[in-house]
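**Student:** with the input below, show me the fold.
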Amino acid sequence: MVKGAEKLTAPSTSRKPAKKRRPERRDQILEIAVRLFHQRGFHATGMDDIGEEAGITGPAIYRHFDSKEDILLAATEAWTEHRFAEIDEIVATSSSPRETLERLARDHARATVAQPSLSAVILAERRTLAPDARASLERVIRLRIEAWIHALKQMRPELSDAEASVMVFAVFTLMASVTQYDSGLDPELVETLLVDMAMKSLLQTPV
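**Tutor:** Residues are numbered from 1 along each chain as shown. Alright, predicted model coming up:
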C-alpha cells in the first residue's frame, strides 16, 4: 500500500436487509428512480412517479422498497461499497504516485461517465440520508480526497495541504460537469478527455 494512505474497510449502515424479491425488477426500479431524482429532484419525485415509469402499480413498488428514502439509501450503499473497493485497490497496487493519481482520475471519470445520474444524485441529495448512511458516504468522500491529495503532494511537494485540496476539489467539479448534459460523444472518449484535463491541471506548474 502507498505510504500515508488509509486502509479502507467496508462501511456499515443501519439499513435493514433487502427483501427477497426479483433482483432484476428491483435493479430496474433503482435505476429508474435515480434517473428521475436527477431529472426532477428527489423531493419532487414520488413513489407513484417511479412506479409509473417502471410500469408497475404504486403499491407494487413497496414490495421492493419501503420508501423513496430507502431507494436513495440503496443507491448510495452500492456506490459507497464500490468506491471503497476501488480506491483501496488503486492505492495498494500502484507503483508510483503518478500511477496512483492517474488511476484515481480514471476511476472517478469512468464512474461519473458511466452513471451520471447516480453521481449527481449522491452529491446533491446526500444530506437527505439518515445520519449513519450519510457518515459512511462522507467518509468515502473524505478518504478519496485524501488519496488524491497524498499522491499529488508526492509529485508536487511545494504545494501546501490547502493548495492541493483546492486543486483536487476543482478537478472533481470539472468531472461532475458532464452529469449536467449529454454531449453525444463516445463515453470512452469523454473519460479520456476528463483524465487528460485532470492530470494536466494538477501537474502543470504555474508559469
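**Student:** for the helix or strand bottoming out on mean pLDDT in the chain, buried residues please.
**Tutor:** Least confident helix or strand of the chain, by mean pLDDT, DSSP states H and E, is helix 58-61 with a mean of 77. Buried residues in helix 58-61, counting neighbours by 16 or more other Cβ atoms under 10 Å, are found at residue 61. For glycine as for every other residue, the C-beta is placed from the backbone atoms N, C-alpha and C.
**Student:** just checking, what packs against it?
**Tutor:** If contacts are counted by 3 or more Cβ pairs under 8 Å, 6 or more residues apart in numbering; DSSP states H and E, helix 58-61 sits against helix 47-54.
**Student:** C-alpha coordinates for the helix it packs on, PDB please?
**Tutor:** This file holds the C-alpha atoms of helix 47-54, laid out as PDB (Å, rounded to 0.1, in the frame of the first residue of the first chain):
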ATOM      1  CA  MET A  47     -43.200   6.700  -5.400                       C
ATOM      2  CA  ASP A  48     -46.100   6.800  -7.800                       C
ATOM      3  CA  ASP A  49     -43.900   8.500 -10.400                       C
ATOM      4  CA  ILE A  50     -41.300   5.800 -10.000                       C
ATOM      5  CA  GLY A  51     -43.900   3.100 -10.300                       C
ATOM      6  CA  GLU A  52     -45.500   4.600 -13.300                       C
ATOM      7  CA  GLU A  53     -42.100   4.900 -15.100                       C
ATOM      8  CA  ALA A  54     -41.300   1.300 -14.200                       C
END
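**Student:** thanks a lot, see you next time.
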